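[1] Sequence first, then the predicted structure:
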Amino acid sequence: MREAHRRHMNNQDSKIKVDRTAIADEVRSLYKETQKNPQQLALDAGNEDSSNIHTSTRQPSCSCINAAHTAALCKQEASQKVEIRSLNHDQLTYALTSMGEPAFRVKQIEAWLWQKNARSFDDMTNLSKKLRLQLKEKFALYSPALVSKQVSQDGSRKYLLRFQDGVMAECVGMPTKNKLAICVSTQAGCAIGCVFCATGKAGLTRSLTGYEIYEQALFIQDDFQMRVASAVLMGQGEPLTNYNASIFALKMMNSASGLGVGARHLTISTCGILPNIIKFSHEKEQFTLAVSLHSAVQSTRDYLMPGVKRFNLQHLHDTMNLYVEATGRRPTYEYALIKGVNDTDEELAALCDFCAGTLAHVNLIQLNKIDDSPFLPTSEKRAEHFVKTLKRFGVEATIRHSRGADIDAACGQLKQKVVGKKRI
Ligand code: SAH
Ligand code: SF4
C-alpha cells in the first residue's frame, strides 16, 4: 500500500501496525485460530456455518462404527426420512448396497439428483418401479417452491424460492446470446448488516445447506432450458460465514457429475471475512474471488459495513496480497458508488492508494436504490471520473451496469417486497 494511504489509515487507527511481516503473521494466526475452532468465526458473525451438507450440525451425532453409516443414516433409522441429497457419494453407495443394489445405480441416481433435477423419485424413469418405491419409503426428496418470479426487459429473471422449512432466498438468471450467467444466495438473510443492502437490513434467518445453494442453479437452468455457463455466489448472504456449504456448492457446480462449469467461471463474493479468504486461497480449484470494498477509508467502511469492522483495511490489504501470492489470480473489488458518501475526491484517493501496485480489478457498481434508504447512486459522469483516475494509477476498473434494474435488482429487494421485514 502506498505510504500516503498508510499514513492516512494510521491517523484513523493508531493501533494499526505498518510492519508488513507483523501484519501477515497476524492474518496467519487469525487463520490458525479459525482452523482450531472453525465454528467460532461464524458464531462471532452471529451465524452458524450450516457446514457441508454431509456433516450438517442439524443432524444428530452418530455413534455407529461404520464410517459410511453416518449421522444422516442413523437419523433415518430413528424413523425420520433423510433428504437424499444430504448424503455424499460414500453414504449413498452404502445405502444402496445395503438395499442390494449394484454400484452403477449410484451414478444413475446421482445424475437425477445433481444434473437432471428430479423433483420426485417417480421422475427417475431408468430405475425399476420397485426401487423407486423403496427409495420413496427410505428417503425424502425436496425441491424448492417458486414463490415469485420477475422477468426483466433485458431478459434476466429473478426468482424467490421457498425451501422445505419455509425459509426463502432469491436467485437470478441472466442470459446473453447463448450463455446463461446465474447469481445464487448462500443464506436466508445476512448478519453483516451493510446499511445499503436490503438483505443486510432484514438480518439473518439461517444459512442454506450446500444442496440448497446448488439447487438454485438447477432451478434456473430448468427455467431457461439453457446450461449454466457461469455462477456467482452473490445473492443474499455472506458465503464466507457459510464456508463449507458454499464451497460444496461451487465444487458440485464445477464437477463433471454436477453442472460441469469451469472453476474460473465460478465466483465467490465476500464482504471480507479474512481468515476464510486465506482458506479459500488454498482450495485446489481456480475459483475466482470478489471482495465488496465499498470504501478504502476506515471510518466510511465501518459505517457502511458494520459487520466487518473487526477486519480493518490494513488487514484486508495484506490478506489480499497473500491471496494473490497463493493463487496468482486477480481479485475483483466491488465498489457501489453512493452519492456524497464514498464518491468524494478523498474516497477516490484512498481507493487508488489501496489498489495501486496490487493485482486487482475494480468493479464500480451503480447503487440500486432500496426502499426507505437515504442512499442515492452517483452520476454516470462521476463514475467515469473514478474509472479514469484509477486507470491513471494503473488500476483496472470498469463500470458494471446492473441487470434487471426494472425487477427489484438489488439483492434482497424481491424477498422484502414479498415477505416485508419478517425474518423468513
Ligand atoms: N455478502 C456478499 C455477497 C452478497 S452481496 C458480499 O457482500 O459481497 C453481493 C453484492 O451486492 C455485494 O458486492 C454487495 O455489496 C452488493 N450490494 C448489496 N446491496 C446493494 C445495492 N443496494 N446496490 C448495489 N450493490 C449492492
Ligand atoms: Fe450481507 Fe453482502 Fe448484503 Fe453486506 S452486502 S449485508 S455482506 S449480503
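    Received, thanks. Ligands and ions are numbered 1, 2, ... in the order given.
[2] what about the closest residue to Met124 other than its chain neighbours, how many neighbours?
    Of all residues not flanking Met124 in the chain, Trp112 sits nearest, at 4.8 Å (C-beta to C-beta, 6 or more residues apart in numbering). The way it works is simple: take the backbone N, C-alpha and C, and place the C-beta from them, glycine included. For Trp112, the neighbour count with other C-beta atoms under 10 Å is 20.
[3] Quick check: residues of the stretch 51-200 of the chain near ligand 2?
    By the rule C-beta under 6 Å from any ligand atom, the part of the stretch 51-200 of the chain lying against ligand 2 is 190, 192-194, 197, 199-200.
[4] coming back round to it: right, and the residue nearest to Met124 touches Ser120 too?
    No - at 10.0 Å, Trp112 does not count as touching Ser120 under the criterion of C-beta atoms under 8 Å.
[5] And the helices in the stretch 51-200 of the chain?
    Secondary structure of the stretch 51-200 of the chain (DSSP state H, counting those that start in this stretch): helices located at 71-77, 89-98, 104-114, 129-138, 198-202.
[6] quick one: buried residues of the shortest one?
    By neighbour count, with 16 or more other C-beta atoms under 10 Å as the criterion, the buried positions of helix 198-202 are 198-202.
[7] And for the second one?
    Using 16+ other C-beta under 10 Å as the burial criterion, the residues of helix 89-98 that qualify are 91-96.
[8] Could you tell me the average pLDDT over it, please?
    If you average the pLDDT over helix 89-98, you get 94.
[9] That one vs helix 129-138, what angle?
    Interaxial angle of helix 89-98 relative to helix 129-138 (axes from the mean of the first three to the mean of the last three C-alpha atoms, to 10 degrees): 120 degrees.
[10] swap in the longest one?
    With the same axes, to 10 degrees defining the directions, helix 104-114 sits at 60 degrees from helix 129-138.
[11] Buried residues, helix 104-114. List them.
    By neighbour count on 16+ other C-beta under 10 Å, the buried set for helix 104-114 is 105-106, 108-110, 112-114.
[12] which residues sit against it?
    Helix 104-114 is touched from outside by 84-85, 89, 92-93, 96, 118, 123-124, 126-127, 131, 135, 141, 214, 218, 252, 255, 257-258, with contacts defined as C-beta atoms under 8 Å, 6 or more residues apart in numbering.
[13] surely Tyr142 meets Ile84?
    No - under the criterion of C-beta under 8 Å, Tyr142 is not in contact with Ile84, lying 9.1 Å apart.
[14] what about the two, which has more around it?
    Taking neighbours as other C-beta under 10 Å, Tyr142 and Ile84 compare with Ile84 leading, 24 against 18.
[15] Hmm, the more buried one is touching Ala140, no?
    Yes - counting by C-beta under 8 Å, Ile84 touches Ala140, with 7.0 Å between them.
[16] Tell me where this structure has strands.
    82-83, 139-140, 145-151, 157-162, 168-175, 180-183, 187-189, 204-207, 228-233, 266-270, 288-292, 332-337, 361-366, 396-400 (DSSP state E).
[17] so which of the ones you listed is the most packed in?
    Counting by mean count of other C-beta atoms under 10 Å, strand 187-189 has the highest mean neighbour count of those, with a mean of 27.
[18] What mean pLDDT does it get?
    For strand 187-189, mean pLDDT is 96.
[19] helices or strands next to that strand in the packing?
    Here strand 187-189 touches strand 168-175, strand 204-207, going by 3 or more C-beta pairs under 8 Å, 6 or more residues apart in numbering; DSSP states H and E.
[20] Quick check: chain neighbours aside, which residue is closest to Tyr323?
    In space, and not counting its chain neighbours, Tyr323 is closest to Ser281: 4.6 Å by C-beta to C-beta, 6+ apart.
[21] Check Met99 too.
    Nearest non-adjacent residue to Met99 (C-beta to C-beta, 6+ apart): Gln134, at 6.2 Å.
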